[in-house]
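Asks: Next one to model:
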Amino acid sequence: VLLSDMDAYAQPLLSALERRGVPAFLDRRDRLRDHACSRFLLSSLRAASGGPISDALAAVKSGFLSISADEAELFENYILRCGIKPGQLFKSFSRGEVPEGAENARAALIAALAPLKAGLAGATVSQKARATYAFLAAARVDETLKNDVDALRQGGDIRAMETSAQVWNALMTLLSQLDAVMGDARMDREQFVSIVEEGMAGGEIGAVPAVSDSVLVGDCDRTRTRPVLHLFVLGCNEGLLPREFPDDALLDDAELMLLSEGGLPVWKGTSFDAAVDRLNLYGAFSRAHNSVTVSFSRTQNGEELAAS
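Replies: This next block holds a predicted model:
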């Protein structure tokens, strides 16, 4: 099944197939930044760099520190009730009645963040990257991920299991690349956190189908399959399949051609992108042996839609 809009069609389709007992696999790569482990690392880096109290709270509630759910809830209630500021986390709570669980959570958080904060004070990217690795290692994040992978495997969620299994190596690769490429560069903590976040945004993790006899759900850009008996294409509406590619905000295709004719190097224009998109679409359609079923939406948000 090929989808013109993964965000709009994927989840409703997967839910419908699951209700009918039909095994399905969603062929989509997730952004590294969206994984819980990556969010934990970013919130911890921000909290250690003097970020808002919400970052410290996110780290406490992440499940990657030795803090129970009950302690995390007591911690959240206490800091919100007392208006605790980030800098006050480095001293024991003393305002009003302090729940033991809230103080335990604070102590566990600072025990993890204090070495990271000291390491991020280093001048170079190498020092900061190594401090980040030491923080993850001390928090035993790799062990937590392995436990999550085992739990997902037992629960039968193979796709989530495979993506979680890739997170640790992806983060280690990112930190190693920063160390190797920018190691001697000097930058402040905020710049380093920004670069780590950009690296996560560009990183992707994915999975492969666990079984061969399942419905493969994907799009024309990523999904490359062997020949299939039947192909279903959902969302064949004007502008979605094939897609429309607007001109660059600075230079349109005609201007790019003039620059190219003048001997200047230019990037590919929208006509090239459209041609690649149509080629991928043709390749997908040509893999079906017995049938191709195409559908389109008639309306969206009360507005009439045109078929491709």
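Asks: So which residues of the stretch 151-300 of the chain form helices?
Replies: Ranges of helices in the stretch 151-300 of the chain, per DSSP state H, counting those that start in this stretch, are 158-182, 189-202, 253-261, 270-285.
Asks: low-scoring stretches of the chain, by residue?
Replies: The model of the chain has pLDDT under 70 over residues 207-212, 247-250, 269.
Asks: re the thing from before, got the helices of the stretch 151-300 of the chain as TSV, with mean neighbour count columns?
Replies: Every residue, glycine included, has its C-beta placed from N, CA and C. Conversion of the helices of the stretch 151-300 of the chain to TSV gives the following (neighbours: other CB atoms under 10 Å):
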stretch	mean neighbour count
helix 158-182	18
helix 189-202	17
helix 253-261	13
helix 270-285	15
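Asks: Using TSV, lay out the ones you listed together with distance to residue 145.
Replies: Shown next, in TSV, are the helices of the stretch 151-300 of the chain (distance: least, CB to CB, whole Å):
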stretch	distance to residue 145
helix 158-182	5
helix 189-202	15
helix 253-261	45
helix 270-285	34
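Asks: mind checking which of those helices is nearest residue 118?
Replies: Counting by CB to CB, residue 118 lies closest to helix 189-202 out of the helices of the stretch 151-300 of the chain; the figure is 11.2 Å.
Asks: C-alpha coordinates for the closest one, CSV please?
Replies: Taking Å, rounded to 0.1, in the frame of the first residue of the first chain, the C-alpha atoms of helix 189-202 are listed here in CSV:
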residue,chain,number,x,y,z
ARG,A,189,27.5,25.2,25.9
GLU,A,190,24.5,26.6,24.1
GLN,A,191,26.2,26.2,20.7
PHE,A,192,27.2,22.7,21.5
VAL,A,193,23.6,21.7,22.5
SER,A,194,22.3,23.3,19.3
ILE,A,195,24.8,21.3,17.2
VAL,A,196,23.8,18.1,19.0
GLU,A,197,20.1,18.8,18.3
GLU,A,198,20.8,19.5,14.7
GLY,A,199,22.6,16.2,14.4
MET,A,200,19.7,14.4,15.9
ALA,A,201,17.3,16.1,13.6
GLY,A,202,19.2,14.9,10.6
